[in-house]
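A.B. asks: Next come a sequence and a model predicted from it.
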Amino acid sequence: MAVVEFYISTEDCALLHISALIHSGDVVSERLFGFAERWNWNDILTVYRKAFPDRKFPENLPNPGVDETKPPTQRAEEIVKWVKDGQGWDALEPKVLEMARQFAELY
């Protein structure tokens, strides 16, 4: 069983919807796949270990699996680029770190 998911930042998800609404003449009756990249829990642990080397984290999952599906994400990324000055999806690592910092500020 694969334990792999697809990631999209909340900002990119919102921008994808907004861009599709703004450009409703160019985006008509389309299913948009807002998937920036694949991730699994080992990827998250790697980000945490790198950012917080003094902390202890659980061991990696022994076999997180591999998801070989290739969703058609090109059109969604093209639409996001319309409102992000040509930039594509936000990467996973900086967004995970942003979330960790925000969580730390709350607690």
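C.D. replies: Great, that's in hand. In this text, all values refer to a predicted model and were calculated from it rather than measured experimentally.

A.B. asks: Might you list the low-confidence residue ranges for the protein?
C.D. replies: Counting by pLDDT under 70, the chain contains low-confidence residues at 1-3.

A.B. asks: Where do the helices of it begin and end?
C.D. replies: 10-22, 41-51, 74-81, 92-106 (DSSP state H).

A.B. asks: Of the ones you listed, which is nearest residue 66?
C.D. replies: With Cβ to Cβ, the closest approach to residue 66 among the helices of the chain belongs to helix 41-51: 11.8 Å. Heads up, the C-betas are built off the backbone N, CA and C, glycines and all.

A.B. asks: angle of the closest one against helix 92-106?
C.D. replies: 70 degrees (axes from the mean of the first three to the mean of the last three Cα atoms, to 10 degrees).

A.B. asks: Other residues contacting helix 41-51?
C.D. replies: Outside of helix 41-51, the residues within contact range by Cβ atoms under 8 Å, 6 or more residues apart in numbering are 3, 55, 57, 58, 60, 61, 64, 92, 93, 96, 97, 100.
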